[in-house]
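In: Got a predicted structure here, sequence first:
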Amino acid sequence: MQKSDQKNKKVGIIPARFASTRFPGKPLIEIDGKSMIQRVYEQCCKSDLDMAIVATDDQRIKSHVEKFGGNVIMTKTTHQTGTDRCAEVAENLLEAEVILNVQGDEPFIDPNDINKVITLLTAKKYEIATLAKQMDNYRELENPNVVKVVFAKNNQALFFSRAPIPYDRNKLLDKSPASSKSIAGVMMDGQLKYFRHIGLYGFQKQTLLQVAKLPQSDLEKTESLEQLRWLENGYKIGIDITTSDSISVDTPEDLQDILEKLNT
């Protein structure tokens, strides 16, 4: 990959692999006439990003992105995470100042959410930035596939976990059968709230290059969450709140659900 002299300051990178374990070829699946990767790319272009780039290790994805007129860069095949793939691309974006890692499996990502992360990096000057959404049902709260986050009053992340956090030691929440479907409106004095993490990451460019070189941490291995590696190494992660529903496509069943919603 050649060094780039592009002068875009805010760059969104969309990691895209063809060889997904649960859904091979996922970036190229068609959703109402457009591929998923094209939909993600076009949502990025509606935001305040100066440039969007698809980062892939697969020629089929590269050819497809070029066909619809998008920017695409081929990367190594050995990356373990999307963060690593983004770092390879970012290292060659000489004038970029902030980098967003935009998930390639969220075809309807809200451009306003992208802008919120940009603001945390440019106005608030956080090293790393991401989003959270308040949860309103126990099924989400107790699902280990839904990552929870707690943060300080200044919206700096304190911890991420697959377990329900904070732990309701004093049993302030009413978990009777009547309230089992929702946790909205059952908080003591409105103080106890639960938030799910939304996996859109933003980085100061130099921070991204640094964290990509860090070895896995004990907390990361325990929870299988790479953001814990960053916290464990002292990086500050800013959080903004979104009310948007994040719809990701992880399996063929998820795709079917989205197609059904589009057709109703």
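Out: Perfect, I can see it now.
In: how many neighbours does residue 71 have?
Out: 18 (other CB atoms under 10 Å). Quick note: C-beta positions are derived from backbone N, CA and C, even for glycine.
In: Revised request: answer the last question for residue 121.
Out: 23.
In: Touching, it and residue 200? I think so.
Out: No - using CB atoms under 8 Å, residue 121 is not in contact with residue 200, being 11.8 Å away.
In: pretty sure residue 79 contacts residue 89?
Out: No - shown here, residue 79 and residue 89 do not form a contact pair, counting by CB under 8 Å, at 10.5 Å.
In: where does the protein dip in pLDDT?
Out: 1-7, 171-191, 264 (pLDDT under 70).
In: which residues of it fall in helices?
Out: Secondary structure of the chain by DSSP state H: the helices cover 36-45, 59-67, 82-90, 111-122, 138-142, 205-211, 218-223, 227-232, 252-262.
In: could I get the ones you listed as CSV with distance to residue 152?
Out: Shown next, in CSV, are those (distance: least, CB to CB, whole Å):
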stretch, distance to residue 152
helix 36-45, 29
helix 59-67, 39
helix 82-90, 24
helix 111-122, 14
helix 138-142, 21
helix 205-211, 19
helix 218-223, 18
helix 227-232, 12
helix 252-262, 33
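In: on that earlier part again, which one's more surrounded, residue 79 and residue 89?
Out: Shown here are residue 79 and residue 89; by other CB under 10 Å, residue 89 has more neighbours (23 against 18).
In: In contact with that one, which residues?
Out: 1, 13, 53, 55, 73, 75 (CB atoms under 8 Å, 6 or more residues apart in numbering).
In: again, 6 Å this time
Out: Counting by CB atoms under 6 Å, 6 or more residues apart in numbering, residue 89 touches 13, 55, 73.
In: neighbour-wise, which of those residues leads?
Out: residue 13 (32 neighbours).
In: Count the neighbours of the residue lying closest to that one once chain neighbours are set aside for me.
Out: What sits nearest to residue 13 in space, not counting adjacent residues and going by CB to CB, 6 or more residues apart in numbering, is residue 86, at 4.5 Å. Using other CB under 10 Å, residue 86 has 28 other residues around it.
In: Residue 139 now?
Out: 12.
In: separation between the residue nearest to residue 29 when sequence neighbours are not counted and residue 74?
Out: Sequence neighbours aside, residue 36 is the residue nearest to residue 29 in space, at 5.4 Å (criterion: CB to CB, 6+ apart). The spacing between residue 36 and residue 74, counted by CB to CB, to the nearest Å, is 19 Å.
In: who's more crowded, the two?
Out: More crowded of residue 36 and residue 74, by other CB under 10 Å: residue 36, with 24 against 16.
In: can you give me the strands in this structure?
Out: 10-16, 30-31, 34-35, 51-56, 72-74, 98-101, 128-134, 148-151, 157-161, 195-204, 237-241 (DSSP state E).
In: Using CSV, lay out those strands together with distance to residue 44.
Out: Converted to CSV, the strands of the chain look like this (distance: least, CB to CB, whole Å):
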stretch, distance to residue 44
strand 10-16, 5
strand 30-31, 16
strand 34-35, 14
strand 51-56, 4
strand 72-74, 13
strand 98-101, 8
strand 128-134, 15
strand 148-151, 23
strand 157-161, 24
strand 195-204, 11
strand 237-241, 17
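In: No further questions, thank you.
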